[in-house]
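> give me the fold of what follows.
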Amino acid sequence: MKALHFGAGNIGRGFIGKLLADAGIQLTFADVNQVVLDALNARGEYPVQVVGGHAQVEIVKGVNAVNSTSDDIIALVADVDIVTTAVGPQILERIAGGIAKGLAKRSDSANSHPLNIIACENMVRGTTQLKGHVLKALPEQYHAWVEEHVGFIDSAVDRIVPPSEAGNSDPLEVTVETFSEWIVDKTQFKGALPDIPGMELTDNLMAFVERKLFTLNTGHAITAYLGQLAGHKTIREAILDEKVRAVVQGAMEESGAALIKRYGFDAAKHAAYIQKILDRFENPYLKDDVDRVGRQPLRKLSAGDRLIKPTLSTLEYHLPHDNLVTGIAAALHYRSDQYPQEQELAGLLAKQDVASVLAQISGLPADGDVVKAVVKAWNAMA
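Numbering: from 1, shown residues only. So this is what the prediction gives:
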């Protein structure tokens with residue numbers, strides 16, 4: 001079995017790429033970072049430090065790499081059995097053109113062996129969105145062939161992979177937590193279902209997508225935003241702050257109450273899931289900066305993402321949302337000189353009032369109760 005994985009960054013190497021290679025799949029990474037590409041091709045392997053109760057180094061072997069902007073992508077997509085991504089939601093559209101050309105070549109060469117494509121991103125139904133970009137870039141004459149032979153598989157992914165520590169001279173070394181979860185929609189595959197250890201097949205994907213996105217990602221973001229306001233540098237420092245922890249846990253419990261209503265999760269098991277996440281945030285081996293976790297606040301404050309959507313769900317089921325409101329207010333206070341979205345947010349707030357900015361970003365009514373509550377919390381923080 002052969003695989004092409006877009007994204008040779010820390011998440012690509014430390015999570016999805018590692019699972020594929022560990023399963024004995026012939027793996028090619030695609031990326032634009034030439035230093036990483038050269039190192040992967042020169043060595044054919046890389047170290048992954050897996051940290052939990054203790055730390056151990058595992059070597060991922062038998063890999064190579066190509067530049068994701070090169071024509072090598074076309075031949076690979078035309079030949080491999082599986083394509084995966086870990087590039088970030090905003091990059092999916094950029095890689096769609098190469099995938100489309102590869103699918104055209106696959107059709108032209110009469111390769112009718114099933115191909116399955118899985119976007120492993122922190123977003124709801126990312127592969128479905130990737131499929132839209134691919135079909136837009138693909139001549140219509142190939143669309144029916146793609147529908148017959150290519151599966152676009154939505155997934156939910158969960159593993160904390162912090163950036164490499166400063167001063168690390170190895171461009172390939174990556175640190176990951178012991179916990180990982182890769183859940184895929186088995187109803188969308190073409191051909192036989194794959195047997196990949198670490199990949200969990202389900203016919204109820206959205207329950208797991210929302211459980212992860214609106215529990216772990218919600219809690220992670222609020223930890224970062226409140227942590228920065230409190231002067232903490234890392235997620236661990238922030239979650240060990242009792243005041244921060246109380247709001248984070250409260251927000252996850254609020255979103256969890258809505259998830260339990262919607263999907264019928266067992267309340268005791270969901271409470272244990274929340275506690276597991278809090279324990280993961282405390283992992284002393286994971287030095288994850290609040291600045292990194294909090295980045296892209298405009299995306300994280302959008303209608304379908306980790307702060308606004310669970311809040312809307314609490315409204316749907318007439319449930320409390322005070323801690324989620326606090327998290328939204330903290331996100332509006334988030335500042336960083338490193339990333340453009342943070343500067344854009346600061347620019348919006350310099351020109352408009354908080355209610356107008358939040359309404360513009362989130363789609364919430366500016367005169368609604370949630371926005372009013374967020375403005376009150378924002379002012380208290382200011």
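
> burial check on Gly97, number of neighbours?
Using other C-beta atoms under 10 Å, the number of residues around Gly97 comes to 16. All C-beta atoms are positioned from the backbone trio N, CA, C, and that covers glycine.

> ok, the residue nearest the centre of the chain - contacts?
Nearest residue to the geometric centre of the chain (C-alpha atoms, centre = their mean): Asn122, 2.1 Å. Counting by C-beta atoms under 8 Å, 6 or more residues apart in numbering, Asn122 touches 89, 157, 213, 217.

> just the strands in this protein please.
Defined through DSSP state E, the strands belonging to the chain, from first to last, are 2-6, 26-31, 45-51, 55-61, 63-67, 82-85, 115-119, 150-153, 155-158, 174-177, 181-185, 199-202.

> what's the last one in contact with?
For strand 199-202, the surrounding residues in contact (C-beta under 8 Å, 6+ apart) are 19, 181-186, 193, 208.

> mind redoing it with 6 Å?
182-184, 186 (C-beta atoms under 6 Å, 6 or more residues apart in numbering).

> in its sheet, what does it sit against?
strand 181-185 (parallel) (DSSP bridges).

> try the first one
Here strand 2-6 has these sheet partners by DSSP bridges: strand 26-31 (parallel), strand 82-85 (parallel).

> quick revisit: just put the contacts of strand 199-202 in JSON lines and tack on pLDDT.
As requested, the contacts of strand 199-202 are exported to JSON lines (pLDDT from 0 to 100):
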{"residue": "Trp182", "pLDDT": "96"}
{"residue": "Ile183", "pLDDT": "96"}
{"residue": "Val184", "pLDDT": "97"}
{"residue": "Lys186", "pLDDT": "97"}
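
> tell me the pLDDT at Lys269?
You'll see Lys269 listed with a pLDDT of 97.

> coming back round to it: out of the contacts of strand 199-202, which comes closest to Lys136?
Val184 (23.7 Å; C-beta to C-beta).

> would you mind measuring from the nearest residue to that closest one once chain neighbours are set aside to Ala23?
Leaving aside its sequence neighbours, Val184 sits nearest to Ser155 (C-beta to C-beta, 6 or more residues apart in numbering; 4.4 Å). To Ala23, Ser155 is 16 Å away according to C-beta to C-beta, to the nearest Å.

> who has more neighbours, those two?
Between Ser155 and Ala23, counting by other C-beta under 10 Å, Ser155 is the more crowded of the two (26 against 16).

> so where's this protein uncertain?
Where the chain drops to pLDDT under 70, the residues are 165-167.

> how's it carved up into domains?
As given by automatic domain parsing, the domain ranges for the chain are 2-203, 206-381.

> residue contacts, Glu173?
Pro47.

> thought Leu301 was touching Leu364?
No. Counting by C-beta atoms under 6 Å, Leu301 does not reach Leu364; the two are 9.6 Å apart.

> more neighbours: which of those two?
When Leu301 and Leu364 are compared for neighbours, Leu301 comes out ahead with 26 against 22, by other C-beta under 10 Å.

> what residues are up against that one?
Per C-beta under 6 Å, 6+ apart, neighbours of Leu301: 307, 331, 361-362.

> distance check, the closest residue in space to it that isn't next to it in sequence against Ser255.
Once flanking residues are discounted, Leu301 sits nearest to Ile361: 4.8 Å by C-beta to C-beta, 6+ apart. Distance, Ile361 to Ser255, by C-beta to C-beta: 19 Å.

> which one of the two is surrounded by more residues?
Ser255 (31 against 21).

> for His54, give me phi and psi.
phi -150, psi 180 (degrees, to the nearest 10).

> near it, how many other residues are there?
His54 has 8 nearby residues by other C-beta under 10 Å.

> and for the one 3 residues further on?
If you count neighbours by other C-beta under 10 Å, Val57 ends up with 11.

> what does Lys376 give?
Lys376 has 13 nearby residues by other C-beta under 10 Å.

> also Met123?
24.

> repeat for Met1
14.

> how much space separates Ile235 from Gly7?
According to C-beta to C-beta, Ile235 and Gly7 sit 22 Å apart.

> next: Val57.
Distance, Val57 to Gly7, using C-beta to C-beta: 22 Å.

> quick one, helices of the stretch 51-200 of the chain?
Taking DSSP state H, counting those that start in this stretch as the test, the helices found in the stretch 51-200 of the chain are 72-77, 92-108, 126-137, 143-149.

> go on, the stretch 251-382 of the chain?
Secondary structure of the stretch 251-382 of the chain (DSSP H, counting those that start in this stretch): helices at 267-281, 290-294, 297-300, 308-316, 322-333, 340-351, 354-362, 369-381.
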